[in-house]
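K.L.:
Build me a structure from this.
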Amino acid sequence: MDKTYNFYSGNSPLLISMPHAGTGIPEDMRYRLTPEALLLPDVDWHLPILYDMAKDYDVSVISAEYARYVIDLNRSPENTSLYPGQDVTGLCPIDTFAKSAIYQDGKEPDDNEIKDRIEKYWQPYHQKLATELQRIHAIHGVAILWDAHSIASHVPRFFIGQLPDLNFGTADSSSCNISLQNALAATMQELMHAKNYSHVFNGRFKGGYITRHYGMPNMNIHAIQLEMSQCIYMDENSPYKYNAKLAMKVKPLLSDLLKTCLNWAETQK
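P.N.:
Residues are numbered from 1 along each chain as shown. I've put the predicted structure just below:
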């Protein structure tokens with residue numbers, strides 16, 4: 001089987017997950033997609049570059065190889081809604097965030113194909129995620145999962161107006177110890193360069209399946225999602241180029257947030 005995820009093993013208490021950073025499309029699926037879908041407008045673009053400081057802290061990193069149009073790794077395999085009553089995309093989405101068709105007419109995946117995709121793409125990622133958290137916890141007695149995401153700053157389908165720059169999700173403070181959430185909030189309040197960016201905790205994005213499923217603070221396994229507005233580090237329009245000048249301003253803040261997690265973990269051992 002082709003590689004379905006990329007993984008770097010570190011030795012710190014922190015694991016970064018990037019379930020929507022993949023851009024791969026299997027050849028047997030590519031010919032069925034619409035021209036708009038082939039542009040991959042809904043990828044969490046350039047996150048491995050944006051978080052490349054992670055290796056400096058000996059942090060483990062897992063990222064998807066394939067695009068979320070193949071399967072959304074941040075959804076339940078039962079395809080239950082993360083936000084009941086609100087518009088959401090599914091496990092194997094059939095439309096883009098802009099509500100354009102992903103597939104040509106009559107070429108959407110059927111139930112058998114979706115089952116195959118769960119086995120081939122979803123399960124390996126989550127098996128690795130689970131075993132790595134277990135390994136980290138066994139070594140340190142504590143594990144922190146940082147689920148890294150990004151999205152266009154304006155997506156009327158999901159939210160009105162412009163999204164805050166940094167959107168922290170802890171499933172309404174249930175996926176991590178409240179003291180870790182408070183430590184991150186203090187970092188955002190105290191650092192001068194943090195004041196350049198708007199932020200919110202548990203606003204429009206409270207954390208997806210990964211944050212909610214793997215965050216078990218009673219077991220000293222803590223999960224935080226950060227949904228970042230793409231306008232602070234890249235060109236939001238196709239071809240979705242990385243903007244090094246913008247990224248250089250936000251990367252030190254991301255680094256400080258990771259350090260906050262690591263420093264907090266030291267207090268839990």
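K.L.:
From K120, how far out is E65?
P.N.:
According to Cβ to Cβ, to the nearest Å, E65 stands 11 Å off from K120. Every C-beta, even on glycine, is put in place using the N, C-alpha and C of the backbone.
K.L.:
intersection of neighbour lists for these two?
P.N.:
The overlap between the contact sets of E65 and K120 (Cβ atoms under 8 Å, 6 or more residues apart in numbering) consists of T4.
K.L.:
Does anything pack onto the longest helix that the chain contains? Which helices or strands?
P.N.:
Identified as the longest helix of the chain according to DSSP state H is helix 244-266. Packing partners of helix 244-266 (3 or more Cβ pairs under 8 Å, 6 or more residues apart in numbering; DSSP states H and E): strand 14-18, helix 47-50, strand 143-151, helix 178-190, strand 221-229.
K.L.:
same for the first one, what does it pack against?
P.N.:
Helices and strands touching strand 14-18, by 3+ Cβ pairs under 8 Å, 6+ apart, are strand 60-64, helix 123-140, strand 143-151, helix 244-266.
K.L.:
how far out from the middle of the chain is the third one?
P.N.:
Yep, that's strand 143-151 we're talking about. Centroid separation between strand 143-151 and its chain, computed with Cα atoms, centre = their mean, to the nearest Å, is 5 Å.
K.L.:
Indicate each strand paired with it and its parallel or antiparallel sense.
P.N.:
The pairing partners recorded for strand 143-151 under DSSP bridges are strand 14-18 (parallel), strand 221-229 (parallel).
K.L.:
Using PDB, write out every CA atom in it.
P.N.:
Output of strand 143-151 as PDB, limited to C-alpha atoms (Å, rounded to 0.1, in the frame of the first residue of the first chain):
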ATOM      1  CA  ALA A 143       1.000  13.600  26.300                       C
ATOM      2  CA  ILE A 144      -0.200  16.700  24.500                       C
ATOM      3  CA  LEU A 145      -1.800  16.500  21.000                       C
ATOM      4  CA  TRP A 146      -1.600  19.700  19.000                       C
ATOM      5  CA  ASP A 147      -4.000  19.400  16.100                       C
ATOM      6  CA  ALA A 148      -2.900  21.900  13.500                       C
ATOM      7  CA  HIS A 149      -5.300  23.300  10.900                       C
ATOM      8  CA  SER A 150      -5.800  26.400   8.700                       C
ATOM      9  CA  ILE A 151      -8.700  27.800   6.700                       C
END
